[in-house]
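1. Dropping a prediction and its sequence here:
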Amino acid sequence: MIEPDANFPPIEPWLLEKLVCPVTRTPLRWDAGRHALVSEAAGLAFPVRDSVPVLVARQARPL
């Protein structure tokens, strides 16, 4: 089995372009170091589990 490259998001690029922060409605960016989608405006990192973004504010980690 080939391991995915940690530098690239584990979700499709077209989907990443459409996702927004559930708190601020601003775009999210992939942070390979955190393995999360980051909302700079909210100061939150949303985890990605099994290639599924978990966009629930109480599941997010503060930056």
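-> Sure thing, it's come through. As the structure is a prediction and not an experimental result, all values here were calculated from the model.

2. Which helix or strand lies directly C-terminal to the longest strand belonging to the chain?
-> Ranked by residue count and defined by DSSP state E, the top strand of the chain is strand 44-49. Next along the chain after strand 44-49, taking DSSP states H and E as the criterion, comes strand 52-53.

3. And that next one, how far out from the chain middle?
-> Per CA atoms, centre = their mean, to the nearest Å, the displacement of strand 52-53 from the mean C-alpha position of its chain is 7 Å.

4. Can you give the strand pairings for that strand, parallel or anti for each?
-> Sheet pairing for strand 52-53, assigned by DSSP bridges, gives strand 44-49 (antiparallel).

5. what does the partner strand contact?
-> Around strand 44-49, the neighbours that count as contacts under CB atoms under 8 Å, 6 or more residues apart in numbering are 9-11, 21, 23, 28, 31, 34-39, 53-57, 59-63. C-beta coordinates here come from the backbone N, C-alpha and C atoms, glycine included.

6. Buried among the residues you listed? Make that a PyMOL selection.
-> Applying 16 or more other CB atoms under 10 Å to these, the buried members can be selected in PyMOL as follows:
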select buried, resi 9+21+28+36+37+38+39+53+55+60
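
7. if we can go back for a sec, pull out the buried residues from the longest strand of the chain.
-> Residues of strand 44-49 classed as buried: 44, 45, 46, 47, 48 (neighbour count, 16+ other CB under 10 Å).

8. of all the residues you listed, which comes closest to residue 15?
-> residue 48 (11.1 Å; CB to CB).

9. Do a quick rundown of the strands in this protein.
-> 29-31, 36-39, 44-49, 52-53, 61-62.

10. How about residues contacting the second one?
-> Read that as strand 36-39. The contact list for strand 36-39 (CB under 8 Å, 6+ apart) reads 9, 16, 19, 21, 23-24, 26, 28-31, 44-48, 53, 55, 60-61, 63.

11. how about low-confidence regions in this protein?
-> For the chain, residues meeting the criterion pLDDT under 70 lie at 1-7.
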